[in-house]
Each structure stands twice: as structure tokens, then as C-alpha cells.
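> Starting from these lines, generate the structure:
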Amino acid sequence: MPDPAVAEIEDLSFAYNNGQPVLHRIRVSIPQGKVVAVMGQSGCGKTTLLRIIAAALLPTQGSARVLGQETSALDRDGLYALRRRLGMLFQFGALFTDMTVYENVAFQMREHTRLPEETIRDLVLMKLQAVGLRGAAELMPGELSGGMARRVALARAIALDPELILYDEPFTGLDPIALGMIARLVRQLNDSLGATSIIVTHDVAETLPLVDYVYFMADGRVVAQGTPAAVRRSGVAFVEQFVSGRIDGPVPFHFPAAGYAADLGLAQAA
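All right, here's what the predicted structure looks like:
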């Protein structure tokens, strides 16, 4: 029997206020307990899809069912309640710069629970221990390296033991050591918490060995999906170009333009 779906996206389309469509008839199913990647080049709509799953945006058409709830049917209180069951690691961490590491991780616990400070202290130190930064609890974000800041943001994302953890480009801007460390933590924390994780990324080398399933997007559509091994041999030209990093293919090197000779005035000279 297949794992139950934590998020179900059915025939979903989305457009911002200018009416320009961003997502077209997307169908995505995220099984419980798995780490799933949404991959594609910049501008393909993958972060917009993540925001819809986080209920920060609502579908223009179709449906988004997250943790058993239809997001379009929720009122404000219902949306806030749903979001409290999610953890989010933002691109570049997005730590509160005027708070210590400890205060950053404690923030959600103080906002959304009535736990006593002694219990919050124990939980914060547990989360920081899980990411290897208990000793950095009193540092300010400006005193952290990029990799350390990302790990603090990860500790904050799991502060309330979320059922679903969302990662928006978690590997961007990291050196190889920090990148490998974050990738390992994503997998370990997902499995130890019994959570489900969705990673939006374009990092092929680190992501494919890490995840259980992959959705590849291009131009607002899902063009391939499957296990990492299956998508590698999918035969889809865009996926092959993306995975191999080839310069030319379905995504061309040259932006569409008039003939080069005409632009240089060579046609008239001839």
C-alpha cells in the first residue's frame, strides 16, 4: 500500500495579479515520510509551487490539499493553524539579525506555545545540538559563517517538530563542506523526526543522491518525475541537459534575436 500523501496538487494553475500564467495544470503528490525534490532552472515556477504548498499563495485554478486540508477553503485562522504544522527553511536562512542564535530558534516556541522558559531552553538546546551548534547559542547572526547561519535556520525550521518541512534553495551560496553538511542534516532530520520534506533546488550533484523522488519543472509545467535513477534515464531532452549541465539543448545558449549579420549591418554592406 503506498504511503499517504502529505500534499496533493491537482490540475493546479496559478497566475499573479498581472494575469501572466506561472504554473500550468500541475499535478504533484508528496508521500508521507519522503524527501522530494522540485528541480528546474530559475524562473520555472518551482518556488511559486512551494509557496502554494505553504499556503502563502492560493491556486488560481485546481486544488492544493496540504496535511489533509484544502487550502482554498481555509479562513485566516485555518491558514495560520496549517502553517504552524509546517517548517520553512528560507533561501539564505533569513535569520533575525538583531537576535542571538538562541533567540532565533526560541522565537516560534514563544509565539505559538505556552511552554515555560525552562522547557523552551531545553528544546532550543536540543535543536541546536541536532545541527551541531549548541556552542553557538549566544552568537549573533553576523558572527556566523554562511553554513552556520543555514544550520541555525534549519534548527529554527524544526523548532516545533513540523510534519512537513519546506526548503527553498537550501544549498545556494554554500561552500562544499557546508553544502554536504546541510544535505546530510536534511536527510537525517527528516527521518529522525518522521517528517516529510520538499526541497526546491537546482543543485543536481547534491540533491539526486539525497532524495527519494524528483519532479522536474520547465516553463511552469512538470516535464518529468520519478526516482533519481528513473529521471536520469527519462529520455526527456530538458532533463538530460539540466542533469549534465550542457550549455545548449532545449534551453538554448542564445536568447532569440534577429540575424547576427543584420544586426551588424553586414547584410546591407554585402
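
> Am I right that Q91 is in contact with L174?
No: contact criterion C-beta atoms under 8 Å: Q91 and L174 do not qualify, at 11.3 Å. For the C-beta atoms, the positions are set from N, CA and C on the backbone; glycine is no exception.

> who has more neighbours, these two?
Taking other C-beta atoms under 10 Å, Q91 and L174 do not tie; L174 has more neighbours (21 against 17).

> separation between that one and A183?
Distance, L174 to A183, using C-beta to C-beta, to the nearest Å: 9 Å.

> Can you list the low-confidence ranges for the chain?
Low-confidence segments of the chain (pLDDT under 70): 1-3, 18, 92-93, 235, 237-238, 240, 242, 244-256, 266-270.

> what's the following helix or strand after the longest helix anywhere in it?
Identified as the longest helix of the chain according to DSSP state H is helix 176-193. Remark: after helix 176-193, the chain's next helix or strand is strand 196-201, criterion DSSP states H and E.

> What helices and strands are in contact with that following strand?
Counting contacts by 3 or more C-beta pairs under 8 Å, 6 or more residues apart in numbering; DSSP states H and E, strand 196-201 is packed against strand 5-15, strand 21-31, strand 35-39, helix 46-53, strand 164-168, helix 176-193.

> ok, now with 6 Å
Judged by 3 or more C-beta pairs under 6 Å, 6 or more residues apart in numbering; DSSP states H and E, strand 196-201 is in contact with strand 35-39, helix 46-53, strand 164-168.

> What strands flank the next helix or strand after the second one, and is each parallel or antiparallel?
In the C-terminal direction, the helix or strand that comes right after helix 46-53 (DSSP H and E) is strand 61-66. According to DSSP bridges, strand 61-66 has the following sheet partners: strand 5-15 (antiparallel), strand 69-70 (antiparallel).
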